[in-house]
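Undergrad: sequence unknown, structure follows:
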(Lines give C-alpha, C1' and ligand atoms only; values in the text may rest on other atoms or scores of the structure.)
Protein backbone atom coordinates (compact mmCIF):
# COMPACT_ATOMS: atom_id res chain seq x y z
CA UNK A 1 0.00 0.00 0.00
CA UNK A 2 1.36 3.40 -0.99
CA UNK A 3 2.45 5.64 1.84
CA UNK A 4 0.31 8.76 2.36
CA UNK A 5 1.70 12.23 1.83
CA UNK A 6 3.72 13.08 4.96
CA UNK A 7 2.43 15.88 7.15
CA UNK A 8 2.43 16.69 10.86
CA UNK A 9 0.75 14.22 13.21
CA UNK A 10 -0.09 14.14 16.90
CA UNK A 11 -0.50 10.73 18.54
CA UNK A 12 -2.43 10.74 21.81
CA UNK A 13 -1.39 7.71 23.87
CA UNK A 14 2.04 7.41 22.27
CA UNK A 15 3.33 4.81 24.75
CA UNK A 16 0.43 2.37 24.27
CA UNK A 17 0.26 -0.76 22.17
CA UNK A 18 -1.50 1.06 19.33
CA UNK A 19 0.06 4.50 19.78
CA UNK A 20 3.63 3.16 19.62
CA UNK A 21 2.91 1.37 16.36
CA UNK A 22 1.24 4.40 14.79
CA UNK A 23 4.22 6.54 15.82
CA UNK A 24 6.65 4.08 14.29
CA UNK A 25 4.80 3.97 10.96
CA UNK A 26 4.42 7.74 10.80
CA UNK A 27 8.13 8.30 11.44
CA UNK A 28 9.04 5.67 8.85
CA UNK A 29 6.74 7.40 6.33
CA UNK A 30 8.39 10.77 6.91
CA UNK A 31 5.76 12.50 9.03
CA UNK A 32 6.70 15.07 11.65
CA UNK A 33 5.30 13.17 14.61
CA UNK A 34 4.44 14.44 18.08
CA UNK A 35 3.65 11.86 20.75
CA UNK A 36 1.67 12.87 23.82
CA UNK A 37 1.84 11.01 27.10
CA UNK A 38 2.40 11.74 30.77
CA UNK A 39 5.95 10.46 30.40
CA UNK A 40 8.88 12.66 29.41
CA UNK A 41 10.46 10.07 27.11
CA UNK A 42 8.91 7.96 24.38
CA UNK A 43 9.79 4.46 23.15
CA UNK A 44 9.87 5.30 19.43
CA UNK A 45 12.94 7.12 18.12
CA UNK A 46 12.18 10.20 16.05
CA UNK A 47 8.93 11.10 17.84
CA UNK A 48 8.81 14.56 19.42
CA UNK A 49 7.59 14.16 23.02
CA UNK A 50 4.73 16.22 24.41
CA UNK A 51 4.26 15.74 28.14
CA UNK A 52 0.80 16.56 29.44
CA UNK A 53 -2.15 15.33 31.49
CA UNK A 54 -5.24 14.98 29.29
CA UNK A 55 -7.46 15.97 32.21
CA UNK A 56 -5.63 19.28 32.68
CA UNK A 57 -7.18 21.40 29.93
CA UNK A 58 -5.03 24.45 30.59
CA UNK A 59 -1.77 22.54 30.80
CA UNK A 60 -2.72 20.55 27.72
CA UNK A 61 -3.34 23.70 25.70
CA UNK A 62 0.05 25.06 26.70
CA UNK A 63 1.84 21.79 25.96
CA UNK A 64 0.34 21.58 22.46
CA UNK A 65 1.02 25.20 21.56
CA UNK A 66 2.98 25.35 18.30
CA UNK A 67 2.55 21.70 17.33
CA UNK A 68 -0.01 22.54 14.60
CA UNK A 69 -0.84 18.94 13.61
CA UNK A 70 -2.70 18.11 10.42
CA UNK A 71 -3.94 14.83 11.87
CA UNK A 72 -4.64 13.66 15.41
CA UNK A 73 -4.59 9.94 16.25
CA UNK A 74 -6.43 9.35 19.52
CA UNK A 75 -5.63 5.97 21.09
CA UNK A 76 -5.62 6.75 24.83
CA UNK A 77 -8.19 5.73 27.41
CA UNK A 78 -8.31 5.70 31.19
CA UNK A 79 -10.10 2.77 32.82
CA UNK A 80 -12.43 3.76 35.64
CA UNK A 81 -14.45 1.81 38.19
CA UNK A 82 -17.85 2.36 36.55
CA UNK A 83 -19.06 3.06 33.02
CA UNK A 84 -20.46 6.41 34.15
CA UNK A 85 -16.95 7.37 35.23
CA UNK A 86 -15.50 5.95 32.01
CA UNK A 87 -17.84 8.20 30.05
CA UNK A 88 -17.04 11.28 32.11
CA UNK A 89 -13.26 10.86 31.99
CA UNK A 90 -12.78 9.54 28.47
CA UNK A 91 -15.01 12.09 26.82
CA UNK A 92 -13.23 14.83 28.77
CA UNK A 93 -9.82 13.69 27.49
CA UNK A 94 -11.00 13.80 23.87
CA UNK A 95 -12.81 17.11 24.32
CA UNK A 96 -9.83 18.67 26.08
CA UNK A 97 -7.52 17.59 23.25
CA UNK A 98 -9.75 18.99 20.52
CA UNK A 99 -10.32 22.24 22.39
CA UNK A 100 -6.60 22.61 23.16
CA UNK A 101 -5.85 22.46 19.43
CA UNK A 102 -8.52 24.99 18.42
CA UNK A 103 -6.06 27.88 18.57
CA UNK A 104 -3.67 26.02 16.25
CA UNK A 105 -6.35 26.04 13.52
CA UNK A 106 -4.49 23.22 11.77
CA UNK A 107 -6.37 19.97 12.37
CA UNK A 108 -8.03 18.54 9.28
CA UNK A 109 -8.69 14.98 10.53
CA UNK A 110 -9.09 13.17 13.86
CA UNK A 111 -8.84 9.36 13.91
CA UNK A 112 -10.30 7.69 17.02
CA UNK A 113 -9.54 4.10 18.05
CA UNK A 114 -12.31 2.22 19.86
CA UNK A 115 -13.15 -1.49 19.81
CA UNK A 116 -15.68 -4.29 19.85
CA UNK A 117 -17.32 -3.10 23.06
CA UNK A 118 -19.20 -0.92 20.58
CA UNK A 119 -21.11 -4.12 19.70
CA UNK A 120 -20.70 -6.09 22.94
CA UNK A 121 -21.39 -3.43 25.55
CA UNK A 122 -19.18 -1.92 28.29
CA UNK A 123 -17.34 -3.87 30.97
CA UNK A 124 -20.15 -3.60 33.54
CA UNK A 125 -22.82 -4.80 31.04
CA UNK A 126 -20.55 -6.89 28.83
CA UNK A 127 -22.51 -9.15 26.48
CA UNK A 128 -25.81 -8.60 28.30
CA UNK A 129 -27.71 -6.97 25.45
CA UNK A 130 -25.91 -7.94 22.24
CA UNK A 131 -28.38 -7.72 19.38
CA UNK A 132 -26.12 -7.87 16.31
CA UNK A 133 -25.45 -11.00 14.30
CA UNK A 134 -21.83 -11.92 13.73
CA UNK A 135 -19.82 -10.92 11.90
CA UNK A 136 -20.40 -7.43 13.31
CA UNK A 137 -21.05 -4.67 10.77
CA UNK A 138 -20.42 -0.96 11.22
CA UNK A 139 -24.09 -0.24 10.44
CA UNK A 140 -25.35 -1.98 13.60
CA UNK A 141 -27.50 0.16 15.88
CA UNK A 142 -25.99 1.22 19.18
CA UNK A 143 -26.96 -0.88 22.18
CA UNK A 144 -29.43 0.65 24.62
CA UNK A 145 -26.89 0.98 27.43
CA UNK A 146 -24.39 3.71 28.38
CA UNK A 147 -21.04 3.15 26.67
CA UNK A 148 -17.99 5.39 26.68
CA UNK A 149 -17.28 4.46 23.06
CA UNK A 150 -20.61 6.02 22.06
CA UNK A 151 -19.89 9.08 24.19
CA UNK A 152 -16.44 9.46 22.61
CA UNK A 153 -17.93 9.22 19.13
CA UNK A 154 -20.46 11.90 19.98
CA UNK A 155 -17.67 14.12 21.33
CA UNK A 156 -15.70 13.51 18.12
CA UNK A 157 -18.70 14.50 16.00
CA UNK A 158 -19.33 17.61 18.08
CA UNK A 159 -15.73 18.70 17.69
CA UNK A 160 -15.97 18.22 13.93
CA UNK A 161 -19.01 20.51 13.87
CA UNK A 162 -17.17 23.18 15.84
CA UNK A 163 -13.80 23.03 14.12
CA UNK A 164 -14.51 21.63 10.67
CA UNK A 165 -12.22 18.59 10.68
CA UNK A 166 -13.09 15.21 9.16
CA UNK A 167 -13.04 12.15 11.38
CA UNK A 168 -12.75 8.37 11.35
CA UNK A 169 -13.48 5.71 13.97
CA UNK A 170 -11.55 2.43 14.06
CA UNK A 171 -13.11 -0.52 15.89
CA UNK A 172 -10.36 -3.01 16.64
CA UNK A 173 -10.72 -6.49 18.08
CA UNK A 174 -8.15 -8.00 20.49
CA UNK A 175 -4.80 -6.46 19.53
CA UNK A 176 -1.55 -8.33 18.95
CA UNK A 177 1.24 -5.78 19.21
CA UNK A 178 4.46 -4.68 20.85
CA UNK A 179 4.31 -2.64 24.07
CA UNK A 180 5.02 -3.00 27.78
CA UNK A 181 2.76 -1.83 30.60
CA UNK A 182 -0.42 -1.94 28.50
CA UNK A 183 -3.66 -3.45 29.78
CA UNK A 184 -4.80 -4.80 26.40
CA UNK A 185 -1.88 -6.91 25.27
CA UNK A 186 -2.88 -10.51 24.64
CA UNK A 187 0.19 -11.48 22.59
CA UNK A 188 2.52 -10.55 25.45
CA UNK A 189 0.22 -11.95 28.14
CA UNK A 190 0.08 -15.35 26.41
CA UNK A 191 3.86 -15.24 25.85
CA UNK A 192 4.45 -14.63 29.57
CA UNK A 193 1.98 -17.37 30.48
CA UNK A 194 3.61 -19.87 28.12
CA UNK A 195 7.07 -18.94 29.42
CA UNK A 196 5.95 -19.58 33.00
CA UNK A 197 4.48 -22.93 31.93
CA UNK A 198 7.78 -23.84 30.25
CA UNK A 199 9.86 -22.96 33.31
CA UNK A 200 7.57 -24.68 35.81
CA UNK A 201 6.70 -27.71 33.71
CA UNK A 202 3.01 -26.86 33.79
CA UNK A 203 0.72 -27.53 30.81
CA UNK A 204 -0.34 -24.59 28.65
CA UNK A 205 -4.04 -24.70 29.57
CA UNK A 206 -6.56 -22.70 27.54
CA UNK A 207 -8.19 -20.36 30.08
CA UNK A 208 -11.41 -19.48 28.24
CA UNK A 209 -14.88 -20.69 27.39
CA UNK A 210 -16.00 -23.55 25.17
CA UNK A 211 -17.58 -20.98 22.83
CA UNK A 212 -14.23 -19.29 22.30
CA UNK A 213 -12.40 -22.63 22.01
CA UNK A 214 -14.74 -24.05 19.35
CA UNK A 215 -16.13 -20.92 17.69
CA UNK A 216 -14.77 -18.64 14.99
CA UNK A 217 -13.07 -15.40 15.98
CA UNK A 218 -10.52 -12.87 14.74
CA UNK A 219 -7.91 -10.46 16.14
CA UNK A 220 -6.21 -7.23 15.08
CA UNK A 221 -2.52 -6.75 14.41
CA UNK A 222 -1.38 -3.38 15.76
CA UNK A 223 0.48 -2.64 12.54
CA UNK A 224 -2.65 -3.20 10.48
CA UNK A 225 -4.64 -0.89 12.78
CA UNK A 226 -1.98 1.79 12.31
CA UNK A 227 -2.09 1.37 8.54
CA UNK A 228 -5.86 1.80 8.45
CA UNK A 229 -5.86 4.86 10.73
CA UNK A 230 -3.16 6.56 8.66
CA UNK A 231 -4.95 5.62 5.44
CA UNK A 232 -8.26 7.07 6.69
CA UNK A 233 -6.54 10.33 7.63
CA UNK A 234 -5.47 10.93 4.02
CA UNK A 235 -7.94 9.05 1.78
CA UNK A 236 -11.17 10.69 0.65
CA UNK A 237 -13.10 7.46 1.25
CA UNK A 238 -11.83 7.31 4.82
CA UNK A 239 -13.37 10.63 5.89
CA UNK A 240 -16.35 10.71 8.26
CA UNK A 241 -16.69 6.93 8.48
CA UNK A 242 -16.43 4.20 11.10
CA UNK A 243 -14.49 1.07 10.16
CA UNK A 244 -13.97 -2.32 11.69
CA UNK A 245 -10.34 -3.39 11.64
CA UNK A 246 -9.30 -7.04 12.00
CA UNK A 247 -6.64 -9.13 10.30
CA UNK A 248 -8.96 -10.45 7.62
CA UNK A 249 -8.56 -14.12 8.51
CA UNK A 250 -10.66 -16.06 11.02
CA UNK A 251 -9.65 -18.95 13.25
CA UNK A 252 -10.71 -21.14 16.15
CA UNK A 253 -8.67 -21.06 19.32
CA UNK A 254 -8.58 -24.88 19.28
CA UNK A 255 -6.57 -24.47 16.04
CA UNK A 256 -4.35 -21.56 17.14
CA UNK A 257 -3.60 -22.71 20.71
CA UNK A 258 -1.25 -25.60 19.80
CA UNK A 259 0.51 -23.35 17.28
CA UNK A 260 1.24 -20.82 20.00
CA UNK A 261 2.36 -23.62 22.34
CA UNK A 262 4.85 -24.83 19.71
CA UNK A 263 6.73 -21.51 19.89
CA UNK A 264 7.54 -22.27 23.56
CA UNK A 265 7.80 -26.06 23.57
CA UNK A 266 4.91 -26.46 26.01
CA UNK A 267 2.04 -28.94 26.12
CA UNK A 268 -1.23 -27.39 24.85
CA UNK A 269 -4.35 -28.33 26.78
CA UNK A 270 -7.75 -27.31 25.48
CA UNK A 271 -11.12 -26.55 26.99
CA UNK A 272 -12.36 -29.22 29.38
CA UNK A 273 -15.80 -28.83 31.01
CA UNK A 274 -15.35 -25.25 32.28
CA UNK A 275 -13.17 -22.13 31.86
CA UNK A 276 -9.91 -22.03 33.82
CA UNK A 277 -9.14 -18.30 33.91
CA UNK A 278 -5.61 -17.06 34.33
CA UNK A 279 -6.02 -14.48 37.07
CA UNK A 280 -6.72 -16.89 39.95
CA UNK A 281 -4.08 -19.33 38.66
CA UNK A 282 -1.34 -16.72 38.38
CA UNK A 283 -1.05 -15.69 42.04
CA UNK A 284 2.55 -16.96 42.12
CA UNK A 285 3.46 -15.31 38.80
CA UNK A 286 5.26 -12.26 40.29
CA UNK A 287 7.76 -14.41 42.18
CA UNK A 288 8.13 -16.93 39.34
CA UNK A 289 8.74 -14.18 36.81
CA UNK A 290 11.38 -12.53 38.97
CA UNK A 291 13.29 -15.82 38.94
CA UNK A 292 12.85 -16.16 35.17
CA UNK A 293 14.00 -12.57 34.60
CA UNK A 294 17.12 -13.14 36.68
CA UNK A 295 17.88 -16.49 35.03
CA UNK A 296 17.63 -15.12 31.48
CA UNK A 297 18.77 -11.56 32.20
CA UNK A 298 15.48 -10.06 31.03
CA UNK A 299 14.88 -6.31 31.02
CA UNK A 300 11.63 -6.42 32.99
CA UNK A 301 11.18 -8.42 36.19
CA UNK A 302 7.76 -7.01 37.15
CA UNK A 303 5.18 -9.34 35.62
CA UNK A 304 2.39 -6.83 36.21
CA UNK A 305 3.97 -4.61 33.54
CA UNK A 306 3.84 -7.43 31.03
CA UNK A 307 0.76 -9.59 31.57
CA UNK A 308 -2.85 -8.46 31.82
CA UNK A 309 -4.48 -11.64 33.10
CA UNK A 310 -7.88 -10.01 33.64
CA UNK A 311 -8.12 -8.65 30.11
CA UNK A 312 -7.12 -11.91 28.43
CA UNK A 313 -9.59 -13.73 30.70
CA UNK A 314 -12.33 -11.34 29.57
CA UNK A 315 -11.54 -11.86 25.88
CA UNK A 316 -11.15 -15.64 26.01
CA UNK A 317 -13.96 -16.15 28.52
CA UNK A 318 -16.70 -14.64 26.38
CA UNK A 319 -19.62 -16.99 25.89
CA UNK A 320 -20.48 -15.57 22.48
CA UNK A 321 -19.06 -15.59 19.01
CA UNK A 322 -16.98 -12.49 18.21
CA UNK A 323 -15.77 -11.60 14.75
CA UNK A 324 -16.08 -8.60 12.49
CA UNK A 325 -16.89 -7.87 8.86
CA UNK A 326 -14.24 -5.98 6.86
CA UNK A 327 -16.27 -5.41 3.67
CA UNK A 328 -16.87 -1.69 4.25
CA UNK A 329 -13.17 -0.99 4.69
CA UNK A 330 -12.25 -2.97 1.58
CA UNK A 331 -14.90 -1.28 -0.53
CA UNK A 332 -13.52 2.08 0.60
CA UNK A 333 -10.07 1.12 -0.67
CA UNK A 334 -8.21 -0.21 2.38
CA UNK A 335 -6.99 -3.66 1.38
CA UNK A 336 -4.47 -4.40 4.14
CA UNK A 337 -4.50 -7.76 5.89
CA UNK A 338 -2.42 -9.94 8.21
CA UNK A 339 -1.97 -13.63 8.90
CA UNK A 340 -2.81 -14.09 12.58
CA UNK A 341 -0.24 -16.87 13.04
CA UNK A 342 2.43 -14.67 11.45
CA UNK A 343 1.28 -11.72 13.56
CA UNK A 344 1.79 -13.63 16.81
CA UNK A 345 5.15 -14.97 15.64
CA UNK A 346 6.30 -11.50 14.63
CA UNK A 347 5.37 -9.95 17.98
CA UNK A 348 7.02 -12.79 19.89
CA UNK A 349 10.22 -12.34 17.89
CA UNK A 350 10.25 -8.65 18.80
CA UNK A 351 9.73 -9.40 22.50
CA UNK A 352 12.56 -11.88 22.40
CA UNK A 353 14.85 -9.49 20.55
CA UNK A 354 14.09 -6.83 23.15
CA UNK A 355 14.99 -9.14 26.04
CA UNK A 356 11.45 -9.18 27.41
CA UNK A 357 10.72 -12.85 26.72
CA UNK A 358 13.50 -15.51 26.86
CA UNK A 359 14.72 -16.95 23.56
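TA: Structure's in. What do you need? Bear in mind the structure is a predicted one, so any value in this text is a computation, not a measurement. Numbers count the residues shown, from 1 in each chain.
Undergrad: switch to C-alpha atoms for all contacts and neighbour counts from now on
TA: Noted.
Undergrad: Under the pLDDT cut-off, which ranges of the stretch 51-200 of the chain? List them.
TA: 127, 129, 131, 183 (pLDDT under 70).
Undergrad: any idea where the strands of it begin and end?
TA: Counting by DSSP state E, counting those that start in this stretch, one finds strands in the stretch 51-200 of the chain at the ranges 71-74, 109-115, 166-172, 175-176.
Undergrad: same check, this time on the stretch 201-350 of the chain
TA: Ranges of strands within the stretch 201-350 of the chain are 204-205, 216-217, 220-221, 241-245, 251-252, 268-269, based on DSSP E, counting those that start in this stretch.
Undergrad: what about those, which gets the closest to residue 295?
TA: strand 204-205 (20.9 Å; C-alpha to C-alpha).
Undergrad: Contacts for the closest one next, please.
TA: Residues outside strand 204-205 that contact it (C-alpha atoms under 8 Å, 6 or more residues apart in numbering) are 193-194, 197, 261, 266-271, 276.
Undergrad: looking at it, residue 96 is touching residue 57, isn't it?
TA: Yes. Contact criterion C-alpha atoms under 8 Å: residue 96 and residue 57 qualify, at 5.4 Å.
Undergrad: Kindly tell me how buried the closest residue to residue 248 other than its chain neighbours is, as a neighbour count.
TA: In space, residue 248 comes closest to residue 337 once its chain neighbours are excluded; the distance is 5.5 Å by C-alpha to C-alpha, 6 or more residues apart in numbering. Applying other C-alpha atoms under 10 Å, we find 19 residues neighbouring residue 337.
Undergrad: now, of the strands of the stretch 201-350 of the chain, which is deepest in the fold?
TA: Comparing the strands of the stretch 201-350 of the chain by mean neighbour count (mean count of other C-alpha atoms under 10 Å), strand 220-221 comes out on top with a mean of 26.
Undergrad: Output the contacting helices and strands for that strand.
TA: strand 175-176 (3 or more C-alpha pairs under 8 Å, 6 or more residues apart in numbering; DSSP states H and E).
Undergrad: Direction included, what does the strand it packs on pair up with?
TA: Sheet partners assigned to strand 175-176 using DSSP bridges are listed as strand 220-221 (parallel).
Undergrad: For the strand it pairs with, what is the distance to the chain centroid?
TA: 8 Å (C-alpha atoms, centre = their mean, to the nearest Å).
Undergrad: Do I have it right that residue 91 meets residue 152?
TA: Yes. With contact defined as C-alpha under 8 Å, residue 91 counts as touching residue 152 (5.2 Å).
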